[in-house]
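Q: compute the structure for the input listed below.
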Amino acid sequence: MKPFVVLLSVFIISVLGTKVFRGNFEFALPGRIAMSAMLVFTAMGHFVFTKGMSMMLPSFIPFKTELVYLTGVIEIVAAFGLFLPAFRVLTGWLLIAFFLLILPANVYAAINHIDYQKGTFQGNGPIYLWFRIPLQILFILWIYFFAIKS
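A: Down below sits the predicted model:
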C-alpha cells in the first residue's frame, strides 16, 4: 500500500509542478518521476527489512540476503535509468521483467503469511494478493505508458 501512495502522491505533485513551471500539464515526465520515487522508496526496504524480505524467497533459492540487496540496487539503478534518454526504453522493459520476476516472491510471502517488515509469519496472508497482483499490473502498465511508449 505504501508504494502505491508514494507513486500516486509524487505523480500528482509532479503533474502540478509541471503545470506551474512549464505552463502545461505533462504526464510522461511526472510518471517517470513518480515511478523513480517509488522505486527508491521500495529499494530502501531491501536494506532496512532484509531479514523479512529474505523470508519471502523459497528455501531452494541460495544467497537470499545477497539477492535482496541486489534487487534493492537494481531498483535504485532503474530509478535513475528512467531519466537517461538512451536507456529509458530498455530500463522500462527491464523493469517490466523485474516486476514479473518478483511477483512469485510476493505470492510465496502471502501464502506463508510473511510480514517482511517484522520478519515474522504473522503477515496478511493470501488476501494480500487481492491488492498486490493488481498493483503489480499497475506498475507494469505505468512503466509501459510513461517510460516505453512516451
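Q: what helix or strand is the spatially most central residue of the chain on?
A: Using C-alpha atoms, centre = their mean, the residue of the chain that lies closest to the mean C-alpha position is residue 39, 4.8 Å off. Here residue 39 sits within helix 28-48, counting by DSSP states H and E.
Q: contacting residues around that helix?
A: For helix 28-48, contacts defined as C-beta atoms under 8 Å, 6 or more residues apart in numbering pick out 2-3, 6-8, 10-11, 14-15, 17-18, 53, 68-69, 71-73, 75-76, 78-80, 82-83, 88, 95, 116-117, 139, 142-143, 145-147, 150. C-beta: built from backbone N, CA, C; applies to glycine.
Q: repeat that for stretch 113-123.
A: Under the criterion C-beta under 8 Å, 6+ apart, residues 45, 49, 51-53, 55-56, 108-110, 112, 124-125 lie in contact with stretch 113-123.
Q: now, which of the residues you listed lie within helices?
A: Helix and strand membership here follows DSSP state H; of the contacts of stretch 113-123, those in helices are 45, 51, 52, 53, 55, 108, 109, 110.
Q: give me every residue that touches residue 56.
A: By C-beta under 8 Å, 6+ apart, residue 56 lies in contact with 105, 106, 108, 109, 114, 116.
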